[in-house]
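Visitor: Here is my input; please provide its structure:
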Amino acid sequence: MAPAQKWRLMVVSHTHWDREWYLPFEAFRARLVGLMDRLLHLLETDLDYKHFTLDGQSIILEDYLEIRPDRREDIARQVRAGRLLVGPWYVLADEFLVGGEALIRNLQIGIAIARQFGPPMMVGYLPDMFGQIAHMPSILAGFGIPAAVIWRGVDRSIPTSEFFWRAPDGSEVLVIHLPQGYALGRALPLERELLMNRLHNIRQVLQPWASTRYLLMMNGDDHLEPQPELPAVIALANENLEGAELVQATLPTFIEAVRQEMGARSHSWPCVEGEFRSSQRALILSGVTSARMWIKQRNQECEDLLLRWAQPFSAWANLLRQRSGEGSDKAASDAALLGLAWRLLLQNQAHDSICGCSVDEVHEQMAVRFRRCQRLAQAVSRHALRYIADMAALEGGPHVVVFNPLNGPRSDFCTARLPSQDDRQPLALEDEDGGRVPLQPLPRSLPSPGAIQERVETGFLARDVPAYGYKTFGVIYGKPPRRRRPPPTRVIENEHFRIEVDPEDGTISLTDKASGVTLD
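Guide: Predicted coordinates for the structure are as follows:
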């Protein structure tokens, strides 16, 4: 389009920070410390360098402050001044390989961390995810985030860089699409001819897609540091550009400028539904969805532990404690433990991590985080289940409580290690209505020498355990019936064959009953 006013190229300075990828985490963190030191110095000493965006992920602050805790107030001062933009995500996760609740936790934690320093950047920044899920607008809208900036997955059928994106529930956000990614304006040269040629080429890329006079030019790239001479570059450009001007801006100010122009014009803006999963305009690296499958499996195990067991049952147990007048310390401890478990899991959900496309050492470190997450979730779950089971105990002896973590009734085979009583063994279970459930003895997987009380491995069928509920069984003891050993036999047969073993030499004869032929 040809605007009535000048084109306005809004330069957003940033870095795209892959926390771990072709180098392991600590190697990249050493580089991050240097970048942050120099960035803070630049913001403090050059007021003409107006803004810098920390890639939309708050974990960068955690990683830096773990090494430089003395810079916390320096960061907060720049965030409060609107010069350093942080959040809203904790990490830039892959959208297709994680659950919806994980994406929600990602935003919750990321926004909470950002707010410790000042106002978070409330933009759905999705610069390098390998495609976009259809429900992302509803997730963003649920947090009051009105717009998204995306790159990968958009196909050629969408005619403009600015459009609305509607989720299946009807939620809508404004989308700013990056036609050639987040590095189009990286390392702008401070030399007139080179700069003019570069800006001409950038405009040739951006203007055909633009539906307003505002063009978004991302001044950064993977692990790239801020460009200190950017104010001089902008001044040089504005001295020589015709029909356009450059300003250093932020994603929120760019989005607001676009919204104002859209609102001032009676124009039909595209509204798109569904996921973005196309490689027409940018690779989405679809092969990563099956790379290193153990990562995807462990991630699902951890999500299930947290979402099906640890969180709902710890909430239940702590509600029971509250009603019984017990203190709130356990609830606070559970929340802290689960918060750590979530952060460990989310660190593994960063797009280059969970996709399995990093160097081996990265994924070796991921295995440790998965184990830590599992141990924390299991510990919280066990304490909660034990407390609920004690509250649900039947009078008159040992009992078994079966829990169902699903949102529908369930019948399934269960196992339990039950204590023996003198010479009596657990023979059956009895439910609350008096119904008997037979027990099946199972081979012991591990011996228990020196145990104070001998335990017996058993299995049983628990029927119709209610959704997110439990069923309690009492244990019935008795002397197990003597089993008669069947007489020894040297023959096995069915309607087709008869097999017999010679007790003298151990040879086997096979008789085909239909033909009467015997093979020795």
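Visitor: and this protein, what are its domains?
Guide: 7-284, 289-391, 399-478, 484-520 (automatic domain parsing).
Visitor: Now do the first one: distance from first to last residue.
Guide: For domain 7-284, the first and last residues are 31 Å from each other (CA to CA, to the nearest Å).
Visitor: now the second one
Guide: For domain 289-391, the separation between the terminal residues is 44 Å (CA to CA).
Visitor: what do you get for the third one?
Guide: Distances were taken as CA to CA; on that basis the terminal residues of domain 399-478 are 15 Å apart.
Visitor: Run through the stretch 251-400 of the chain and note the low-pLDDT ranges.
Guide: Judged by pLDDT under 70, the stretch 251-400 of the chain has its weakly predicted residues at 266, 327.
Visitor: returning to that earlier point: let me have the domains of the chain in a markdown table, extended by mean neighbour count.
Guide: The C-beta positions use only the backbone N, C-alpha and C, and glycine is treated the same way. A markdown table is the format used below for these (neighbours: other CB atoms under 10 Å):
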| stretch | mean neighbour count |
| --- | --- |
| domain 7-284 | 18 |
| domain 289-391 | 18 |
| domain 399-478 | 14 |
| domain 484-520 | 10 |
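Visitor: Quick one: the helices in the stretch 301-450 of the chain, in order.
Guide: For the stretch 301-450 of the chain, the helices defined by DSSP state H, counting those that start in this stretch occupy 311-323, 329-348, 351-354, 360-391.
Visitor: To Gly118, which of these lies closest?
Guide: helix 329-348 (20.8 Å; CB to CB).
Visitor: who wins for proximity to Asn240 among the helices of the stretch 301-450 of the chain?
Guide: For those, proximity to Asn240 was assessed by CB to CB; helix 351-354 is nearest, at 38.7 Å.
Visitor: which helices and strands sit right next to the closest one?
Guide: helix 293-304, helix 360-391 (3 or more CB pairs under 8 Å, 6 or more residues apart in numbering; DSSP states H and E).
Visitor: Just the C-alphas of stretch 71-89, formatted as CSV.
Guide: C-alpha atoms of stretch 71-89 as CSV (Å, rounded to 0.1, in the frame of the first residue of the first chain):
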residue,chain,number,x,y,z
ARG,A,71,22.3,-6.2,39.8
ARG,A,72,18.7,-6.8,40.8
GLU,A,73,17.8,-3.2,41.6
ASP,A,74,19.6,-2.1,38.4
ILE,A,75,17.3,-4.3,36.4
ALA,A,76,14.2,-3.2,38.3
ARG,A,77,15.1,0.5,37.7
GLN,A,78,15.2,0.0,33.9
VAL,A,79,12.0,-2.1,33.8
ARG,A,80,10.1,0.5,35.8
ALA,A,81,11.4,3.2,33.5
GLY,A,82,10.0,1.2,30.5
ARG,A,83,13.5,0.9,28.9
LEU,A,84,14.0,-2.9,29.6
LEU,A,85,11.0,-5.1,28.6
VAL,A,86,10.6,-8.4,30.4
GLY,A,87,8.1,-11.3,30.2
PRO,A,88,5.4,-12.4,29.8
TRP,A,89,6.6,-16.0,29.3
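Visitor: how far is it from where the chain is centred?
Guide: Remark: stretch 71-89 is offset 25 Å from the chain centroid, using CA atoms, centre = their mean, to the nearest Å.
Visitor: Quick one: the helices of the stretch 301-450 of the chain as a markdown table, columns for distance to Val288 too.
Guide: Formatted as a markdown table, those follow (distance: least, CB to CB, whole Å):
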| stretch | distance to Val288 |
| --- | --- |
| helix 311-323 | 28 |
| helix 329-348 | 14 |
| helix 351-354 | 9 |
| helix 360-391 | 12 |
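Visitor: circling back: CSV for the helices and strands packed on helix 351-354, including distance to Asn219?
Guide: Putting these into CSV (distance: least, CB to CB, whole Å) gives the following:
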stretch, distance to Asn219
helix 293-304, 33
helix 360-391, 28
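Visitor: which stretch among the ones you listed comes nearest Asp70?
Guide: helix 360-391 (26.7 Å).
Visitor: how many degrees apart are that closest one and helix 293-304 in direction?
Guide: Counting by axes from the mean of the first three to the mean of the last three CA atoms, to 10 degrees, helix 360-391 lies at 30 degrees to helix 293-304.
Visitor: relative orientation of helix 360-391 and helix 311-323 in degrees?
Guide: Using the same axes, to 10 degrees: helix 360-391 against helix 311-323 is 40 degrees.
Visitor: who does helix 360-391 touch, helix- and strand-wise?
Guide: helix 293-304, helix 311-323, helix 329-348, helix 351-354, strand 399-404.
Visitor: Can you tell me which of these is nearest to His14?
Guide: Nearest of the helices and strands packed on helix 360-391 to His14, taken as CB to CB: helix 351-354 at 16.4 Å.
Visitor: and for that closest one, what are the contacting residues?
Guide: Helix 351-354 has contacts (CB atoms under 8 Å, 6 or more residues apart in numbering) with 18-21, 92-94, 97-98, 128-130, 295-296, 299, 347-348, 358, 362-363, 366.
Visitor: follow-up on the earlier one: including distance to Pro120, could the helices and strands packed on helix 360-391 go into a markdown table?
Guide: Shown next, in a markdown table, are those (distance: least, CB to CB, whole Å):
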| stretch | distance to Pro120 |
| --- | --- |
| helix 293-304 | 25 |
| helix 311-323 | 24 |
| helix 329-348 | 16 |
| helix 351-354 | 20 |
| strand 399-404 | 38 |
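Visitor: for Tyr49, what are its contacts?
Guide: Neighbours of Tyr49 in contact, by CB under 8 Å, 6+ apart: 13, 42-43, 226, 228, 230-231, 248.
Visitor: among these, which are in strands?
Guide: 13, 248 (DSSP state E).
Visitor: which stretch among the helices and strands packed on helix 351-354 comes nearest Gly124?
Guide: helix 293-304 (21.6 Å).
Visitor: Against which helices or strands is the closest one packed?
Guide: helix 329-348, helix 351-354, helix 360-391.
Visitor: CA-only coordinates of that helix in CSV, if you can.
Guide: Coordinates of each C-alpha in helix 293-304 appear next as CSV, following Å, rounded to 0.1, in the frame of the first residue of the first chain:
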residue,chain,number,x,y,z
MET,A,293,11.1,-39.6,21.8
TRP,A,294,12.2,-40.3,25.4
ILE,A,295,12.1,-36.5,26.0
LYS,A,296,8.4,-36.3,24.9
GLN,A,297,7.6,-39.4,27.0
ARG,A,298,9.3,-38.0,30.1
ASN,A,299,7.6,-34.7,29.7
GLN,A,300,4.2,-36.3,29.5
GLU,A,301,5.0,-38.4,32.6
CYS,A,302,5.9,-35.3,34.5
GLU,A,303,2.8,-33.3,33.4
ASP,A,304,0.6,-36.2,34.4
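Visitor: on that earlier part again, and the helices and strands packed on helix 360-391: which comes nearest Met122?
Guide: Comparing the helices and strands packed on helix 360-391 by CB to CB, helix 329-348 comes nearest, at 19.1 Å.
Visitor: For the closest one, what is the distance to the chain centroid?
Guide: That offset, for helix 329-348, works out to 14 Å (CA atoms, centre = their mean).
Visitor: Gly396: neighbour count?
Guide: 9 (other CB atoms under 10 Å).
Visitor: What distance do you get for the residue lying closest to it once chain neighbours are set aside to Gly181?
Guide: Spatial nearest neighbour of Gly396, excluding adjacent residues (CB to CB, 6 or more residues apart in numbering): Gly474 at 6.6 Å. Gly474 sits 64 Å away from Gly181, going by CB to CB, to the nearest Å.
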